[in-house]
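> pasting the sequence and the predicted model now:
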Amino acid sequence: MHPQPSRLFALGLRALLGALLLFSLGACSSFSARDPLRIDLAGLEPLPGQGLEVRFMLKLRVQNPNDVAVDYRGIALELEVNNQPLASGVSDQSGQVPRFGESLLSVPVSISAFAAMRQAWAAAGYQSAQGLPYTLRGKLAGNLFGSERFSDSGTLNWPAPLPRKTPEYSAWHNG
């Protein structure tokens, strides 16, 4: 005697629901409590620009304080200086930040002429080039279950000009 089609459907549905339950439990285990990644601005290197844009290679140091490696497949970021948008960039690079380890990521960023003019206009009213606040926001594209968002902020301190009455200044200006 052959089982009825409705009984086969019920058995198949139970098997599918069981498989989905197991899959969801496995997915939940990947969401276990973990510490956020520590991502810091590590440096900027100039790149050739095109037209009126300025380009840099932005270096990010990514530290993983967890006992599980973090895989990524792409990165996007935005940089604000003095509370004004300055640069943005994306990269489709992929890799892994090892467990209890770190990686240095490079992301090309562009500064439009408009953003540069806006920064210059804002800096004209600023007292000095010391202590300009910056904020870096972005995300590391992750696996099927989401991306790792990050934020870093601090101050940019440019080297101070030499005082006028130093031997270095005199030697440079007296030829």
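Looks like it came in fine.
> pop the domain breakdown of this protein in here.
1-32, 35-156 (automatic domain parsing).
> least reliable of the ones you listed going by mean pLDDT?
In terms of average pLDDT, domain 1-32 trails the rest of the domains of the chain, at a mean of 59.
> kindly export stretch 44-55 (C-alpha atoms) in CSV.
Included here for stretch 44-55 are C-alpha records, laid out as CSV according to Å, rounded to 0.1, in the frame of the first residue of the first chain:
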residue,chain,number,x,y,z
LEU,A,44,47.1,58.4,4.7
GLU,A,45,49.3,58.2,1.5
PRO,A,46,48.8,60.4,-1.6
LEU,A,47,47.5,58.8,-4.8
PRO,A,48,47.3,60.3,-8.3
GLY,A,49,44.0,62.2,-8.7
GLN,A,50,41.9,62.9,-11.7
GLY,A,51,40.5,66.3,-12.6
LEU,A,52,39.7,68.3,-9.5
GLU,A,53,39.7,65.5,-7.1
VAL,A,54,42.3,64.5,-4.6
ARG,A,55,42.9,60.8,-3.8
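> contacts for stretch 81-96, please.
Among residues not part of stretch 81-96, those counted as contacts by Cβ atoms under 8 Å, 6 or more residues apart in numbering are 56, 58, 69-80, 103, 105-111, 115, 118-119, 122-123, 126, 132-135, 156. Quick note: C-beta positions are derived from backbone N, CA and C, even for glycine.
> ok, back up a step: take the domains of the chain and lay them out in TSV including mean neighbour count.
Formatted as TSV, the domains of the chain follow (neighbours: other Cβ atoms under 10 Å):
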stretch	mean neighbour count
domain 1-32	10
domain 35-156	15
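> next secondary structure after the helix or strand hosting residue 71?
Following DSSP states H and E, one finds residue 71 within strand 70-81. The helix or strand immediately downstream of strand 70-81 is strand 84-97, counting by DSSP H and E.
> pairing partners for that next one, with directions?
Neighbouring strands of strand 84-97 in its sheet, by DSSP bridges, are strand 70-81 (antiparallel), strand 101-111 (antiparallel).
> so for residue 51, which of those sits nearest?
Nearest to residue 51, of all these, is strand 101-111, at 10.5 Å by Cβ to Cβ.
> quick one: contacts of the helix or strand just after that closest one?
Next helix or strand after strand 101-111 toward the C-terminus (DSSP H and E): helix 113-124. For helix 113-124, contacts defined as Cβ under 8 Å, 6+ apart pick out 51, 52, 53, 54, 81, 82, 84, 85, 86, 87, 129, 132.
> doesn't the second one lie inside a helix?
Spelled out, that is residue 52. No - Residue 52 sits outside any helix when classified using DSSP: H, G, I helix; E, B strand; the rest coil, being coil.
> residues touching it, list them.
By Cβ under 8 Å, 6+ apart, residue 52 lies in contact with 112, 113.
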